[in-house]
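A.B. asks: Could you look at this predicted model? Sequence included:
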Amino acid sequence: MQIAVPSQHRPPRIAYPPTEVFRFDAATFELGMSRVEAAPEEWVRIYDATRTVVDLMRLRGRLGDDLAYSALQRYLRRHDARPTELLRLASVLAVRGPMQRALDVAMAQ
């Protein structure tokens, strides 16, 4: 399992299942965040697809290039894909250059 916490917060202690913690800047933590009702009256917060693709590009050194690029290609096949929103969010999260290059390659194929 993976969770994200704002960088200045202490992550929760989770004994099981094994959990990987990602720390994101508090100023951008809420970008692309939404709430989903996982069960009646049980709400969870998740990042939308656009934010997820940008985060995978940001974390490609830790999680691997293949994951970032395949997620981008999969995102671009969606009927609601918004490449301009990817670039806008990538700019805010300081990964515009790599995202632009990957997007150029993916869209040329």
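C.D. replies: All right, it came through fine. Numbers count the residues shown, from 1 in each chain.
A.B. asks: Please report the distance of the residue nearest the centre of the chain from residue 66.
C.D. replies: Centroid-nearest residue in the chain, with Cα atoms, centre = their mean: residue 52, separated by 2.1 Å. Plainly put, residue 52 is 15 Å away from residue 66 if you go by Cβ to Cβ, to the nearest Å. For every residue, glycine as well, the C-beta is placed using N, CA and C.
A.B. asks: Next: residue 93.
C.D. replies: Taking Cβ to Cβ, one finds residue 93 at 20 Å from residue 66.
A.B. asks: So these two - more neighbours on which side?
C.D. replies: residue 93 (19 against 9; other Cβ atoms under 10 Å).
A.B. asks: Please report the number of neighbouring residues for residue 99.
C.D. replies: 22.
A.B. asks: With residue 98 instead?
C.D. replies: Counted with other Cβ under 10 Å, residues neighbouring residue 98 total 16.
A.B. asks: Sweet, I'm off.
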